[in-house]
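Enquirer: Just need the structure, nothing else, for what follows:
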Amino acid sequence: MNDSPDDILETLFDPTKTEILKMLQDGPMTSIRIATELSLTDPDAVEELQALVQAGVIKEFETPNGVAFELTIKASVAQMLDEALGERVKDDLDIETGEQTED
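Expert: Next up is the predicted model:
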């Protein structure tokens, strides 16, 4: 697993990988389904998925329908933090002016 924060952030800011993570929020999916829904070739999908496995945010497992992927606890925690921090940032900004409010 690749634990460098810079490597993980670089992986997560990729638009295709972000879409995969969004898809996996609804539950496990096979690599074939992910490739189909994102209009990727199978090798491209596997490359994207393996990068997310290496970052530790998804895990793979065998199913009767092929290899499937699901979010790890680490990814779920990251999502919760993102939502919590996003709300805090929204609370600290005046949405109409885009300027930071005084505390």
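Enquirer: Report all helices and strands that whichever strand or helix holds residue 36 contacts.
Expert: Using DSSP states H and E, residue 36 sits in helix 31-37. Where contact means 3 or more CB pairs under 8 Å, 6 or more residues apart in numbering; DSSP states H and E, helix 31-37 is packed against helix 15-24, helix 42-55, strand 66-71. C-beta: built from backbone N, CA, C; applies to glycine.
Enquirer: can the ones you listed go into JSON lines with extra columns for mean pLDDT and mean neighbour count?
Expert: Shown next, in JSON lines, are the helices and strands packed on helix 31-37 (pLDDT from 0 to 100; neighbours: other CB atoms under 10 Å):
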{"stretch": "helix 15-24", "mean pLDDT": "90", "mean neighbour count": "16"}
{"stretch": "helix 42-55", "mean pLDDT": "92", "mean neighbour count": "17"}
{"stretch": "strand 66-71", "mean pLDDT": "92", "mean neighbour count": "17"}
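Enquirer: Turn those into a markdown table, columns for distance to residue 33.
Expert: Below are these laid out as a markdown table (distance: least, CB to CB, whole Å):
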| stretch | distance to residue 33 |
| --- | --- |
| helix 15-24 | 9 |
| helix 42-55 | 9 |
| strand 66-71 | 9 |
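Enquirer: Indicate which one of these is closest to residue 32.
Expert: For those, proximity to residue 32 was assessed by CB to CB; strand 66-71 is nearest, at 5.9 Å.
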